[in-house]
Structure formats: structure tokens, C-alpha cells
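>>> just a sequence and a predicted model for now, questions to come.
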Amino acid sequence: MNNLHMRTRRSFVRQLAGTATALAALPVTGGAAGTGRTVAPVSKRRILWNNDGDDLRFIAFGIRRLWTARDPDDIPLPEKFASLQEFLDLRMTALRALPVDVISYCGVFNWPAWEMPRERIAALGDDPIRPIVDFAHASGKEFFFNLRMNDCHSSLRFNGPAWWEPFRLRNLHLIQSTIPTEEWERRYLPWIRGESKNYPLQDVQDRRGAGNRDVQSWSAYDYARPEVREYFLGLIRQVCERYDVDGVDLDWLRHPFFFRFGEERKGIPLMNDFVRRVAATVRSAGQRRGRPILLCMRVPDTPDRAAEIGLDVAAWIGEGWLDLLVAGNGLTAFSAPVQPWIDRATPRGIPVYGCITRNAPGLADPAALRGVSQRLWENGVSGLYHFNHFIPQEYDSITDGADRTRLARLTKTYLVDVSYTRSQNGTVFSGPLPLDFTSCAEECAVELPLAIPESLAGAQFLRLEAQWRGAKMDTRTRWQINGVAAPREGGGDAATLTYRAEGLKSGANRLRLTVAPAKVASDTSVLLQAVRVTVKRA
């Protein structure tokens, strides 16, 4: 066993005709040359949309099914792109009709896009990112180039060349685990090449679970090494030189492992110096071009959680090293506090964007996506950042959330968030669910907080739903909302119980659940998986 040091963390929007013709007439932009366009004031950007780049990368590496964050989980892909339009129609074409201000496209996942194999994506031209930049600008939107600052899907049971870029394979001394050469060649390389199905950390995962730090991060780069910092600085410099970008978007949450376990605080000065140099590089590139390039960053849920992993984002704000801040993972979007970021960034003129992660639990429901949008706007964000929200059939929810007047008239659902204590390196503000009542030998009760950030006047009805796994719970549970009993409603199924949410009010609410003990042993295993409150509008 190698001596790992780490420890136990959406109607279809119509596709507009003539896109291909319009794009074909566009010149290919490149380099840092100015185009005469001006960068809008930061405050004018309200909706930022992130594309993880899989629509490009998967084809490039011959992966034939595209993950979409819904059931079914993926869609078939062609062997190669026959045209630029075929690529755009997967996720991008429908964006032209949306109130999206910025397209943030991930061009550094682990491979830089300009280094990926070209045979299957040749229809996009000499550089696959340039037609995406052109599409954004032709659509009246800005283009941000997104870089994942330490993507380590390679740690998470992903093998093959799509996940293992040459730089990582050539520089094993720069990753956070120490793997002897003999063990690397015997256990790791056969799995990486697809010659073996034996995941090299299967024994660790079996003992500690998939959420432990070792399994999540063993192939992550170690930012304590100057070569790593120089590598990423070089990538950012190339982005500014290659493309007519309006901004550079640094994602510090894919994945949030930058230093060896226990050395995170010690790494803060190194990372501060790195971010200072990044900001200087981006500013200098904008000055040479004659038009600013903005620096956007997606950071952990709170300043304290950022500092715990070696990211002193509060200092970055104070020094003015960034222009836009995206607050949090978006995984616990109904409870993660955005106010600490707003309090720090707004006085410095830095707008804060609330992150909405489409594949977070419960957000397959459009009403829940509208609920997240409502909550974030009411909490004072300057805009919304949509992450993993690239299913065209679901784009109406982006439009719904962008217009607060429209949003106020729509049905919304609010969720009690789930726990992320065992993933994302502690960067997520964790919710209380699921709750296990298996050991409830006597009557027990729990209170769950839930904020309703809208007036309830004019609502058709208010409904609470509780989703269970295990024993039938209709006769064993009762709910109160702010001390008022919530009467049971019919409908649903044995796993999802519904109640009239009497007592619900605008603002903070206390949901009290009382569970009676099981009468027979077979009813003891029970888990409360989800709690949601719906405010039904006309």
C-alpha cells in the first residue's frame, strides 16, 4: 500500500434557425487583439452559465455518452462531430434565446482544450474553443474561459486518457500522494490504461467509503510545489493570449484539494502569492489588448471554509485581485450563507453570484430551481451562476429565475438541504438530511429550520412533503410548523407523505417532526431522505 498521507469528504427552448449560417460568416478570433467591443459594467451581468466542457471533451476522447444530470443520466454522442452546428446543438444553441449574460466554458478540465486529440472534433477548426467564443459574442453574450484549478476526477475511479493528461503522468512527483515506482507500474498504470479493472484504492474505499479524502484526492496536484503554480499560471497566460475572452473564471471547487492534509494553513502565503501573480497576468493581458479581462472565481461556501483548505479568499478580496465572486458549491443552496461573502466583497465593488448546481439533490424539480433563485435574490446576490445546468429541455427555469417579477408569480419549492460532511473537503455548508430513525426506541422529535424568502399572500396552497426510505411512516409521524399542526393529505405513495403546511410563514420557520417508536421489529429501519415545502401559485 502506498503511503497516502491524506485522511478520511432542469418546454424545450426553441433552437433558432440560421445559427450555422451566422457562425460560418464569423471571422475566427484569436490572440489578444482587441475587437472594438466594450466590456459591460460588472453590475450589469446577472446570469452566468457554466458549461463543464464535456460536450467537447467526450467526443475528442471517443466517449460516446454525454452525462446530463438527469434520468436517463446520459445521451448518445456521435463518433465525431460532422459540423460545428452539431456540437452547438448539444447544449449551446438554445442559449441564444435565454437571458444569459456570460457563457463560462470549461477549457481546462485536466487537459487544456487546445491540447486535446483533434481527429473527432476537427469540424470545430484549428482550436475548438475559438468557435465557442465566436458563438457567445454573436449571441450578444460575453465569454469567460473557465479553468478547474485542481480537477482530480482521475482520483475518482475515472481512468483512460480523457482523465489523465500528459503533464500529470509525466510529473508524478507533483501529486499529493507518494507512490513508489514499482507500485505505480504494478497497480496504477494498468488501471489508468484500462488494462485492468482493479481500482488501485479499492481497499481504502472499502474500509473508509468513497467520501474519504484519500479516495477523493490522491491524484490532485500539490500547490506547495512551485512547478504546479507555474503550470497553472502558464495555462492562464495562454488563455489570455489565445482567445478574445471577456473574463477568466477560476473554479477552486473542482476539486478543493490544494495541499497535503495538515499543510493547508501553511500553504496560504504560497497561494496568496500565486493569486496575486494570476491577477497581475490577467490585468496585464487586458492592458495590452486595450480592453479589460475580468477575473471571476468560484470559492467555498464561507470564508472560513476557504481558509481551512489554504485559500485566503478574504485577503484576495481585500487586495482587489478578483472582479466577480461566485459563492459556494451550490450543493446546499437553501441554507449555505452568502452574507459573509456579500459583507466582504460588496464594499470592495465586487459583485457576489449565488451558485445553483443543477445536479444537487432535489433540483431536478423546476419549482425547486425557482426556489433557489428566489432565496439567493432575496439574500442580496448580484446575480446567479448556473453550474451543471446544460439540459436544453430545462432552460425555462433559467429564464424564470432571471426575472424577479416573473419569479414572484410562479410556484416554488424550498428544500431542507442534505449533508456533505464526507465530501468536497469540508467546503460545503452541510444540511441535516438524511436523518436515521432506526434507533428510535422511544418517541423522539427533531426540529428542522427552513426559510421561505417570499410573501405567502395569494398562494393557492402550501404543502409539505416528507420522503422516507424503509418502514411505512404514515401512522408513526406527525409534523408541526411553527407550533401549528400540519394535517395529513391524501395522495402520494408510501414513501412520500404530504401535509397541508398550516402555520407556514414568510421568513424563518421551524418544522418539528415527531416520530413514534416502531411496534414491530421489521419497521425499525427508517430514513428521512427529503423534506420540501411548496408554495403553489396560479
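Received, thanks. Residues are numbered from 1 along each chain as shown.
>>> next, Val338: phi, psi?
Per-residue torsions, Val338: phi -100, psi -10 (degrees, to the nearest 10).
>>> and whatever helix or strand Asn50 lives in, which strands flank it?
Using DSSP states H and E, Asn50 sits in strand 47-51. Paired with strand 47-51 in the same sheet, following DSSP bridges, are strand 102-108 (parallel), strand 383-387 (parallel).
>>> please produce a markdown table containing the ones you listed, extended by mean neighbour count.
C-beta here means a position set from N, CA and C on the backbone, and glycine is covered the same way. Below are the strands paired with strand 47-51 laid out as a markdown table (neighbours: other Cβ atoms under 10 Å):
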| stretch | mean neighbour count |
| --- | --- |
| strand 102-108 | 26 |
| strand 383-387 | 26 |
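>>> quick one: the ones you listed as TSV, columns for distance to Thr475 and mean pLDDT too.
Listed next are the strands paired with strand 47-51 as TSV, based on distance: least, Cβ to Cβ, whole Å; pLDDT from 0 to 100:
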stretch	distance to Thr475	mean pLDDT
strand 102-108	49	98
strand 383-387	41	98
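>>> can you list the buried residues in stretch 203-220?
Within stretch 203-220, the residues that qualify as buried are 204-205, 208, 212-220, counting by 16 or more other Cβ atoms under 10 Å.
>>> Val326 is nearest to which of the strands paired with strand 47-51?
strand 383-387 (4.6 Å; Cβ to Cβ).
>>> tally of neighbours for Leu136?
Check again: residue 136 is Ala, not Leu. By other Cβ atoms under 10 Å, the residues close to Ala136 number 25.
>>> tell me the contacts of it?
103, 105, 142-143 (Cβ atoms under 8 Å, 6 or more residues apart in numbering).
>>> phi, psi for Pro76 please.
phi -70, psi 150.
>>> okay, it and Pro432: tell me how far apart.
The gap separating Pro76 from Pro432 is 39 Å, by Cβ to Cβ, to the nearest Å.
>>> ok, these two, which is more surrounded?
Pro432 (16 against 7).
>>> does the more buried one really touch Ser419, like I thought?
Yes - when contacts are counted by Cβ atoms under 8 Å, Pro432 is listed as touching Ser419 (6.9 Å).
>>> in the protein, where's the longest helix?
helix 268-289 (DSSP state H).
>>> and that helix, what does it pack against?
Contacts defined by 3 or more Cβ pairs under 8 Å, 6 or more residues apart in numbering; DSSP states H and E place helix 268-289 against helix 226-242, strand 294-299, helix 313-319.
>>> got JSON lines for these, with mean neighbour count and mean pLDDT too?
JSON lines is the format used below for the helices and strands packed on helix 268-289 (neighbours: other Cβ atoms under 10 Å; pLDDT from 0 to 100):
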{"stretch": "helix 226-242", "mean neighbour count": "17", "mean pLDDT": "98"}
{"stretch": "strand 294-299", "mean neighbour count": "25", "mean pLDDT": "98"}
{"stretch": "helix 313-319", "mean neighbour count": "19", "mean pLDDT": "98"}
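>>> now these in JSON lines, with distance to Asn110?
Formatted as JSON lines, the helices and strands packed on helix 268-289 follow (distance: least, Cβ to Cβ, whole Å):
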{"stretch": "helix 226-242", "distance to Asn110": "11"}
{"stretch": "strand 294-299", "distance to Asn110": "17"}
{"stretch": "helix 313-319", "distance to Asn110": "23"}
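>>> which one, of these, ends up nearest to Arg193?
helix 226-242 (23.3 Å).
>>> that older thread, next, the angle from the strand holding Asn50 to strand 294-299.
70 degrees (axes from the mean of the first three to the mean of the last three Cα atoms, to 10 degrees).
>>> export strand 47-51 to PDB, keeping only CA atoms.
Extracted in PDB, the C-alpha atoms of strand 47-51 (Å, rounded to 0.1, in the frame of the first residue of the first chain):
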ATOM      1  CA  ILE A  47     -26.900  35.400 -15.200                       C
ATOM      2  CA  LEU A  48     -23.700  33.400 -15.700                       C
ATOM      3  CA  TRP A  49     -23.900  29.900 -17.200                       C
ATOM      4  CA  ASN A  50     -21.200  27.400 -16.900                       C
ATOM      5  CA  ASN A  51     -20.500  24.500 -19.300                       C
END
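>>> outside of it, which residues touch it?
With Cβ under 8 Å, 6+ apart as the criterion, strand 47-51 contacts 91-92, 95, 98-106, 144, 146, 249, 296, 324, 326, 353, 383-390, 398, 401-402.
>>> please redo it, this time with the cut-off set to 6 Å
99-105, 384-387, 390, 402 (Cβ atoms under 6 Å, 6 or more residues apart in numbering).
>>> among those residues, which two are most distant?
Tyr105 and Ala402 (19.5 Å).
>>> contacts for stretch 264-273?
In contact with stretch 264-273 (Cβ under 6 Å, 6+ apart) are residues 224, 259, 309-310, 312, 315.
>>> Trp191: which of the residues you listed is nearest?
Of these, the one sitting nearest to Trp191 (Cβ to Cβ) turns out to be Phe259, at 25.6 Å.
>>> look at the closest residue in space to that closest one that isn't next to it in sequence and report its pLDDT.
In space, and not counting its chain neighbours, Phe259 is closest to Gly267: 4.1 Å by Cβ to Cβ, 6 or more residues apart in numbering. Per-residue pLDDT puts Gly267 at 98.
>>> can you give me the helices in the stretch 101-250 of the chain?
Here the stretch 101-250 of the chain has its helices, by DSSP state H, counting those that start in this stretch, at 130-138, 166-170, 181-183, 189-192, 202-208, 213-217, 226-242.
>>> among the ones you listed, which comes closest to Leu363?
helix 213-217 (22.2 Å).
>>> helices or strands up against that closest one?
helix 202-208 (3 or more Cβ pairs under 6 Å, 6 or more residues apart in numbering; DSSP states H and E).
>>> and Leu189, how far from Asp246?
Distance from Leu189 to Asp246, by Cβ to Cβ: 41 Å.
>>> what about those two, which has more around it?
Each of Leu189 and Asp246 has its neighbours counted (other Cβ under 10 Å); Asp246 has more, 28 against 16.
>>> so which bits of the longest helix of the chain are buried?
Quick answer for helix 268-289 (16+ other Cβ under 10 Å): 268, 270-272, 274-275, 277-279, 281-283, 285-286, 289.
>>> quick check: of those, which lies closest to His137?
Nearest to His137 among those, with distances taken as Cβ to Cβ, is Arg289, at 14.4 Å.
>>> do you know the pLDDT at the closest one?
95.
>>> all further residue positions should be reported with the first residue as 10.
Okay, residue one is now 10; in that scheme the one you just asked about reads as Arg298.
>>> where's it relative to Leu304, distance?
Arg298 is 14 Å from Leu304, by Cβ to Cβ.
>>> SS state for the nearest residue to Thr311 once chain neighbours are set aside?
Among residues not flanking Thr311 along the chain, Pro349 sits closest, at 5.4 Å (Cβ to Cβ, 6+ apart). Recorded secondary structure, Pro349: helix (DSSP: H, G, I helix; E, B strand; the rest coil).
>>> and the average pLDDT for the strand holding Asn59 is what?
Rounded mean pLDDT across strand 56-60 is 98.
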